[in-house]
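Q: would you be able to build a 3D model of this:
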Amino acid sequence: MTLRKRYVTSTLIVISVGLPFLQLLLWSTSDRWFYPSLLPQSWGIRAWEYVFGTAGEQIIVSIFQSAGVAAVTALISLMIGVPAGRALGLYQFKGKDLISVLLILPIIVPPLCVAMGLHLWFIRLGLADSFAGVVLVHLTFCLPYTVFVMWGVFSNYNPDFEAQARSLGASARQAVMRVMLPMTLSGMVVAALFSFLLSWSQYLATLIIGGGKVMTLPILLFSLMESGDRPVASAVSIVFVLPAFLALLPSAKYLGRRSTAGVW
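A: Have a look, this model is predicted:
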């Protein structure tokens, strides 16, 4: 691809991705904006005064709550997904196809059905309306993605590198820390990123299992959208996107990269 084509492609991507955010920015700085005007009739910062003033403390608590749930969900997904993906990617065993079907079920079944089905069990187990319950219901959606990503990574991973390290005197732990982890790091970062972003954006499952007591940013955002106050909802939407964007930046270099394992 020539430099000019790359420039044009990059420009088109930036425009297509940036236009919705431009719309949000215009709404968040408007006081009056009625159809068919292309621009607001009057401008103002009422929405941002609400975000940083009236609802500032509530929004900060919601951000930390969302970040905490998403981070714990991503960490647990990775802790389970890496060994599961290694087993599925490197070995052939009876029941492997059945495991694939079971993993994909929470993805293809509507989230409302999954959350409602788990709600009764969570009430009986004392997990409803709790942080732990919200993390567990998020895991039902995030864990399959993590396992499938790591499955793809380990399908192209050569365990002979670990055997070679062991033959040179490395312990099992050293082989994992100095061979396997560096070779599969890109895939792990992508899997963790998927889990974090998916958990960060969960609304319905959080509302049902959290019962309104676990106040995440999507819960707050949807309540503002239902109020019909578009400037405030737009301002909170921008706040909602920024942390996810900041989480994406450090891991952007791993996206699309092919590691030594052969996938990323």
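
Q: any weak-confidence spans in the stretch 101-250 of the chain?
A: Scanning the stretch 101-250 of the chain for pLDDT under 70 picks out 250.

Q: show me the helices in it, by range?
A: 111-125, 131-155, 160-167, 172-175, 181-200, 204-210, 217-227, 230-251 (DSSP state H, counting those that start in this stretch).

Q: figure out which of those helices is closest to Leu24.
A: Nearest to Leu24, of all the helices of the stretch 101-250 of the chain, is helix 230-251, at 4.5 Å by CB to CB. The way it works is simple: take the backbone N, C-alpha and C, and place the C-beta from them, glycine included.

Q: output that closest one as PDB, nothing but the C-alphas.
A: What follows is helix 230-251, C-alpha atoms only, in PDB (Å, rounded to 0.1, in the frame of the first residue of the first chain):
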ATOM      1  CA  ARG A 230     -29.300  15.000  26.300                       C
ATOM      2  CA  PRO A 231     -26.500  17.400  27.100                       C
ATOM      3  CA  VAL A 232     -25.900  15.800  30.500                       C
ATOM      4  CA  ALA A 233     -26.200  12.300  29.100                       C
ATOM      5  CA  SER A 234     -23.600  13.300  26.300                       C
ATOM      6  CA  ALA A 235     -21.200  14.700  28.900                       C
ATOM      7  CA  VAL A 236     -21.400  11.500  31.000                       C
ATOM      8  CA  SER A 237     -21.000   9.400  27.800                       C
ATOM      9  CA  ILE A 238     -17.700  11.100  27.100                       C
ATOM     10  CA  VAL A 239     -16.600  10.400  30.700                       C
ATOM     11  CA  PHE A 240     -17.700   6.800  30.100                       C
ATOM     12  CA  VAL A 241     -15.600   6.400  27.000                       C
ATOM     13  CA  LEU A 242     -12.400   8.100  28.300                       C
ATOM     14  CA  PRO A 243     -11.300   5.400  30.900                       C
ATOM     15  CA  ALA A 244     -11.900   2.600  28.300                       C
ATOM     16  CA  PHE A 245      -9.800   4.600  25.800                       C
ATOM     17  CA  LEU A 246      -7.000   5.100  28.400                       C
ATOM     18  CA  ALA A 247      -7.100   1.300  29.000                       C
ATOM     19  CA  LEU A 248      -6.800   0.800  25.300                       C
ATOM     20  CA  LEU A 249      -3.800   3.000  24.700                       C
ATOM     21  CA  PRO A 250      -1.100   1.000  26.600                       C
ATOM     22  CA  SER A 251      -2.200  -2.200  24.900                       C
END
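
Q: got the contact list for the most centrally placed residue in the chain?
A: Centre of the chain computed as the mean C-alpha position; nearest residue by CA atoms, centre = their mean is Leu197, 1.4 Å away. If you count contacts by CB atoms under 8 Å, 6 or more residues apart in numbering, Leu197 has them with 70, 244, 247-248.
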